[in-house]
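Enquirer: My questions concern the predicted model and sequence given below.
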Amino acid sequence: MEPQLTQTLRDLVLGRSVAALGTLHSGEPFVSMVPYALFGTAHDFLIHVSALAPHTRDMLAHPRVSLLVTAPEGGASGDLPPQALPRASVQGDALQLVPAAADYAAAKAVYLARFAQSAQMFELADFSLFAIRAVSVRFVAGYGKAFSLSPEAYAGALSGD
């Protein structure tokens, strides 16, 4: 992928804070909005979700999920038709991080560095931190600019490798 397109992917995923999360809910697709932070060398998506939310129960029952991160309409993308907006669709595996896990404290710190207002939710027993690790990524940079990326290529692009 060209360096300019790699930069577009990096700006998109690092610059946004919200994704659409797709889960399997009672045999049907279910999509919700989740704030995210990126964690570790694989650039896992960290989400902090309530057990009361259907998507949390869905991830526990079926850990394969999808995330969609899109560029905002307007701004630098203002004159682009919606179909030409950059976007990344991530197929990944969701893993619940338990407080006793070795990387939990670091993951929590990364999440709170991005969403400090979420600190009180970490005190609630029904909230859990999940890491979603990419299995494949489909990046569309615009018309005729679509790429399928391996987890390694995705991580390398976000790391600037």
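Expert: Thanks, I have it. Numbering: from 1, shown residues only.

Enquirer: Helix or strand for the nearest residue to residue 36 once chain neighbours are set aside, just tell me which one.
Expert: Leaving out its chain neighbours, the residue that sits closest to residue 36 by Cβ to Cβ, 6 or more residues apart in numbering is residue 45, at 4.5 Å. Heads up, the C-betas are built off the backbone N, CA and C, glycines and all. Residue 45 is part of strand 44-50 when elements are defined by DSSP states H and E.

Enquirer: Can you tell me how far the spatially most central residue of the chain is from residue 24?
Expert: By Cα atoms, centre = their mean, the chain has its centre lying nearest to residue 45, at 4.2 Å. Using Cβ to Cβ, to the nearest Å, one gets 18 Å for the distance from residue 45 to residue 24.

Enquirer: can you give me the angle the longest strand belonging to the chain makes with strand 44-50?
Expert: Across the chain, the longest stretch assigned as strand under DSSP state E is strand 127-142. Between strand 127-142 and strand 44-50, the angle comes out at 130 degrees (axes from the mean of the first three to the mean of the last three Cα atoms, to 10 degrees).

Enquirer: Restricting to C-alpha, output the helix ranked longest in the chain in CSV.
Expert: For the chain, the longest helix by residue count, based on DSSP state H, is helix 3-15. C-alpha atoms of helix 3-15 as CSV (Å, rounded to 0.1, in the frame of the first residue of the first chain):
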residue,chain,number,x,y,z
PRO,A,3,2.6,5.6,2.1
GLN,A,4,-0.1,8.2,1.6
LEU,A,5,-2.8,5.5,1.9
THR,A,6,-1.1,4.0,4.9
GLN,A,7,-1.2,7.4,6.5
THR,A,8,-4.9,7.7,5.7
LEU,A,9,-5.5,4.4,7.5
ARG,A,10,-3.4,5.5,10.5
ASP,A,11,-5.2,8.9,10.7
LEU,A,12,-8.6,7.2,10.5
VAL,A,13,-8.1,4.5,13.1
LEU,A,14,-6.0,6.6,15.5
GLY,A,15,-8.0,9.8,15.0
